[in-house]
Every structure is written in structure tokens, then in C-alpha cells.
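**Q** Take a look and give me a structure for this.
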Amino acid sequence: MCENRIKSRGEAEKLSPGICKNKALGLFESVRTGIGGGETHMDSLTFKTALVTGGSRGIGKGIAQVLAREGYDIAITYASEKEKAEEVAHYIEKECGQRCFVYQAYLQNADVPEKIVNRAIRDLGRLDVLVNNAGLSSRDEVLTLDKERLDYLINLNFKAPILAIHAAARYMVRDNIKGNIVNITSTRGIRAYPNDFIYGATKAALSRATESIALELSPYGIRVNCIAPGATAVREEKSEFYSYLGGKIPIGRMGTPEDIGYAVAWLVSDKASYITGITLRVDGGLILPGMPEEKDAERIYEGWGRLKKIDFGEEM
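**A** Alright, predicted model coming up:
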């Protein structure tokens with residue numbers, strides 16, 4: 001058992017009393033200590049913890065909420081949408097009965113990822129799972145390249161996860177925690193698209209880095225994997241575009257943030273204990289097919305590799 005495993009609710013509250021602001025970190029921290037009457041999972045010696053970056057909305061929100069329902073105490077970061085982050089924390093407290101810590105963080109700044117990881121370790125009492133989800137999707141043209149935007153995207157989408165892994169892995173090794181690290185990449189890091197040479201490349205680089213890091217950390221029992229979402233409905237309101245795009249995906253719909261959350265929850269569980277160094281696509285078959293070569297492709301295909309259903313009343 002590691003030395004800083006929390007043994008009681010009182011011990012946890014001593015670690016993180018009240019609400020504070022830390023200007024040096026550039027983050028706002030809202031400390032949560034759980035709700036409800038009686039004893040909680042914290043009084044067993046088996047409670048689990050996770051830090052999810054970019055957890056205020058979209059995929060990060062889905063991951064944080066699913067992990068909370070699986071019994072994890074959670075810490076999340078957000079860049080600018082404080083109210084949405086607090087809504088996620090409220091859900092985790094009220095609906096799941098778990099603690100949730102909220103940090104405002106500009107992860108593109110090189111000193112912030114390590115500070116956030118260390119703060120989460122202190123507030124949660126330990127760290128079992130790191131999910132590097134925060135990032136920015138972007139479409140950019142090489143002929144009109146903005147050098148500052150290039151640096152920003154590389155810093156946020158690639159350097160920040162690596163720096164967070166560095167901090168989390170050192171802690172896990174030092175405290176003998178056989179933890180899990182999950183990097184959220186993208187199918188755009190696998191399949192090439194126009195105007196995607198920066199974002200797609202950062203996600204491809206993170207996937208490749210994950211393979212090497214998985215090899216380095218496997219002797220310590222730490223598993224490191226990627227999940228590559230495809231087209232995911234990150235906005236909660238319905239839209240015609242989501243319906244149109246979902247209709248073209250082989251499985252017949254857009255992905256949801258919870259789809260990614262369930263994949264993360266499985267990948268960090270003991271049921272996936274023999275898996276490390278992979279990139280798991282969660283995309284409904286989006287990038288399986290290539291360009292159709294049939295002359296009458298419109299008759300055969302409804303979308304990307306989605307064949308029209310056979311009418312057995314017609315001659316086959």
C-alpha cells in the first residue's frame with residue numbers, strides 16, 4: 001500500500017480544506033468533499049481517482065462523468081468555461097456521490113501540466129488514472145501558415161500531454177501505483193485530410209509517443225494507451241449537420257462523449273489489464289473504407305463504406 005493512500009474522509013478533508021485560489025498556477029480550484037449521509041467509498045481502502053484534462057465539456061465531460069459513475073473521485077481542468085466545469089462537478093457530486101476538483105489551467109504553458117498533476121495528487125490523495133483529453137481541433141492551410149498558431153497547437157495538443165505524463169508517471173513509479181494513462185487522440189491522426197497538417201500531426205505524434213512510453217513504463221505495471229475518437233457530437237444541442245454526418249458513418253450515427261467515456265472506463269479497468277501501447281479507434285467504422293472505386297458508387301453506397309440494404313424482393 002502506498003504511503004499517501006487516504007484512509008478516511010477526515011484525512012481527505014485535511015488535505016484540501018475549503019476553497020482557494022492559486023494565482024501562481026493560473027488555476028481556480030473548487031474543492032469537493034463528497035455529499036450524502038453516512039460513510040462513503042473513501043472509508044474503504046479501495047477508492048479510485050482520475051484527472052481528466054479538458055473535462056468541462058464535450059468528450060472530456062463524458063469521460064469524467066462515466067468514470068465518476070464507475071466510482072472514481074475526479075479532478076478536471078478547463079481553460080475558460082468555468083460555469084460548465086462547475087456543472088460537471090455538481091453532477092459528479094449530486095448524481096454520483098464522488099468528489100470533484102475543478103482547476104482553471106492554460107495547459108499550453110510549459111510549467112502548468114506538472115503543477116496541475118501535482119495539485120490533483122495532493123487534493124485527491126493519490127492518482128490512479130490520467131486522461132489527457134484537453135486539446136484544440138483546427139483546420140489550417142500550409143500556404144497561409146500562422147507560426148504562432150503552429151506553436152500554440154503543438155504546445156497544447158502534444159507537449160502538454162507529454163509533460164503531464166512525465167509528472168504522473170514519476171509519481172506512480174515513486175509510490176508503486178500501477179496506474180493508467182490514456183491519451184485522447186483522433187482518427188484524424190490516422191487518416192489524412194486536407195488542411196489538417198497541424199492538428200492531425202499532433203495527434204499522430206501523441207499516438208506514436210504513447211507506444212514508446214508504454215514500453216518504458218511497462219516494467220512498473222503502468223499501462224499507457226490512446227483512444228482515437230471519430231466524428232463525435234460534442235455539442236449537446238441537436239443539429240442538422242450531426243444528422244447528416246451520422247447518416248454517412250457505417251454504424252449509422254455520430255459518436256457521443258459517453259461512447260468515449262465507456263471506452264476509457266474499460267481500458268483503465270482490470271478487464272483490459274493485458275493491453276498497453278495501443279490506439280483504440282472509437283469511430284463507428286468512420287475511417288475503415290477508402291474511396292469507392294465502383295462506377296455506380298451512388299447506387300451501392302449510402303456513405304463512407306455503408307452499403308445500402310439488400311431488398312431480397314429484387315433479383316440479387
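**Q** For Arg188, give its distance to Val282.
**A** Separation of Arg188 from Val282 (Cβ to Cβ, to the nearest Å) stands at 13 Å. C-beta here means a position set from N, CA and C on the backbone, and glycine is covered the same way.
**Q** Over to Tyr199?
**A** As for Tyr199, its distance to Val282 is 18 Å (criterion: Cβ to Cβ).
**Q** Quick one: residues contacting Val88.
**A** Under the criterion of Cβ atoms under 8 Å, 6 or more residues apart in numbering, the contact list for Val88 reads 55-57, 61, 64-65, 76, 100, 102.
**Q** Just among those residues, which is most surrounded?
**A** Ala64 (34 neighbours; other Cβ atoms under 10 Å).
**Q** wait, doesn't it sit right on Ile76?
**A** Yes. Judged on Cβ atoms under 8 Å, Ala64 makes contact with Ile76 at a distance of 5.3 Å.
**Q** Where do the helices of the stretch 51-200 of the chain begin and end?
**A** Assigned by DSSP state H, counting those that start in this stretch, the stretch 51-200 of the chain shows helices spanning 58-69, 82-96, 112-124, 147-154, 160-174, 199-217.
**Q** so Ala265 is in which element?
**A** Secondary structure assignment for Ala265, by DSSP states H and E: helix 257-267.
**Q** buried sites along that helix?
**A** Neighbour counts using 16 or more other Cβ atoms under 10 Å place 257-265, 267 of helix 257-267 among the buried residues.
**Q** quick one on the thing from earlier: for the helices of the stretch 51-200 of the chain, please prepare a markdown table with the additional fields mean pLDDT and distance to Gly277.
**A** Written out in a markdown table, the entries for the helices of the stretch 51-200 of the chain read as follows (pLDDT from 0 to 100; distance: least, Cβ to Cβ, whole Å):
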| stretch | mean pLDDT | distance to Gly277 |
| --- | --- | --- |
| helix 58-69 | 98 | 20 |
| helix 82-96 | 97 | 30 |
| helix 112-124 | 98 | 21 |
| helix 147-154 | 97 | 23 |
| helix 160-174 | 98 | 13 |
| helix 199-217 | 98 | 3 |
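**Q** in this structure, which helix or strand is least confident?
**A** Per-element confidence for the chain was summarised using mean pLDDT, DSSP states H and E. The lowest value among helices and strands belongs to strand 20-22, with a mean of 34.
**Q** Nearest residue to the middle of the chain?
**A** For the chain, Asn133 is the residue whose C-alpha lies nearest the centre (Cα atoms, centre = their mean; 3.4 Å).
**Q** That residue touches Ile59, doesn't it?
**A** Yes. At 6.0 Å, Asn133 and Ile59 qualify as touching, with contact defined as Cβ under 8 Å.
**Q** Return every residue with contacts to both of the two.
**A** Common contacts of Asn133 and Ile59, defined by Cβ under 8 Å, 6+ apart, comprise Ile184.
**Q** coming back round to it: what's the closest of the contacts of Val88 to Lys238?
**A** When the contacts of Val88 are compared for distance to Lys238 (Cβ to Cβ), Arg57 wins out at 16.2 Å.
**Q** The closest one: what's it in contact with?
**A** Neighbour list for Arg57: 78, 81, 84, 88, 234 [criterion: Cβ under 8 Å, 6+ apart].
**Q** mind redoing it with 10 Å?
**A** For Arg57, the contacting residues are 78, 81, 84-85, 87-88, 234-236, 257, by Cβ atoms under 10 Å, 6 or more residues apart in numbering.
**Q** And Lys48, by the same measure?
**A** Contacts for Lys48 were tallied using Cβ under 10 Å, 6+ apart; they are 41, 67, 70-74, 98, 124, 126-129, 179, 268-269.
**Q** same check, this time on Lys178
**A** Contacts for Lys178 were tallied using Cβ under 10 Å, 6+ apart; they are 128, 172, 217, 220-223, 273.
**Q** go with 6 Å
**A** Listed by Cβ atoms under 6 Å, 6 or more residues apart in numbering, the contact partners of Lys178 are Gly221.
**Q** Quick check: it vs Tyr220, distance?
**A** Relative to Tyr220, and taking Cβ to Cβ, Lys178 is found at 7 Å.
**Q** cool, Phe158 as well?
**A** 23 Å.
**Q** of these two, who's got more company?
**A** Neighbours were tallied for Phe158 and for Tyr220 using other Cβ under 10 Å; the higher tally belongs to Phe158 (20 against 15).
**Q** Hmm, the more buried one is touching Ala205, no?
**A** Yes. Using Cβ atoms under 6 Å as the test, Phe158 is close enough to Ala205 to be in contact (5.3 Å).
**Q** For Ala168, which non-adjacent residue is spatially closest?
**A** Among residues not flanking Ala168 along the chain, Leu130 sits closest, at 4.3 Å (Cβ to Cβ, 6 or more residues apart in numbering).
**Q** Cool, thanks, talk later.
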